[in-house]
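> fold the following and give me the result.
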Amino acid sequence: MPTVEYRAEMVANVLTILVSPGQPVQPGDTLVMLESMKMEIPVFAEAPGKVGDIQVREGDVVQEGDVLVTVEP
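Next comes the predicted model:
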């Protein structure tokens with residue numbers, strides 16, 4: 001299985017990063033919490049794996065399509 005990239009679906013602020021590189025994740029685990037228009041938007045893992053790169057920092061503003069986190073099988 002290839003590395004999975006989790007991307008921002010809209011312009012948002014990175015509120016909280018809930019994982020660290022090398023951490024194992026399961027489907028449904030929250031990777032990152034975004035905030036847009038005063039709503040919190042969780043980004044969930046869709047497949048099991050291990051966190052690879054975290055490409056954002058808390059407080060960053062991301063654009064639609066920006067890669068947030070990668071997960072390796």
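> report pLDDT for the residue lying closest to Ser36 once chain neighbours are set aside.
With sequence-adjacent residues excluded and distances taken as CB to CB, 6 or more residues apart in numbering, Ser36 is closest to Ala12, at 3.9 Å. Backbone N, C-alpha and C define where each C-beta goes, glycine included. According to the prediction, Ala12 has pLDDT 98.
> distance of the closest residue to Gly59 other than its chain neighbours relative to Met1?
Using CB to CB, 6+ apart and skipping the chain neighbours, the partner closest in space to Gly59 is Val14 (6.4 Å). Look at Val14 and Met1: by CB to CB, to the nearest Å, they are 26 Å apart.
> neighbour-wise, which of the two wins?
Val14 (21 against 9; other CB atoms under 10 Å).
> quick one, what contacts that one?
Contacts were defined as CB atoms under 8 Å, 6 or more residues apart in numbering; by that measure Val14 touches Val32, Met33, Leu34, Val56, Arg57, Glu58, Gly59, Asp60, Val61, Val62, Leu68.
> my read: the second one touches Met39, true?
Which is Met33. No: in this structure Met33 lies outside contact range of Met39 using CB atoms under 8 Å: 10.7 Å.
> the more surrounded of those two?
Legend: neighbour count by other CB under 10 Å for Met33 and Met39, higher for Met33 (17 against 8).
> now that one, what's its secondary structure?
strand (DSSP: H, G, I helix; E, B strand; the rest coil).
> one more: Pro21?
coil.
> count of residues packed around it?
Pro21 has 11 nearby residues by other CB under 10 Å.
> so it sits against Gly52, correct?
Yes: Pro21 is within contact range of Gly52, at 6.8 Å (criterion: CB under 8 Å).
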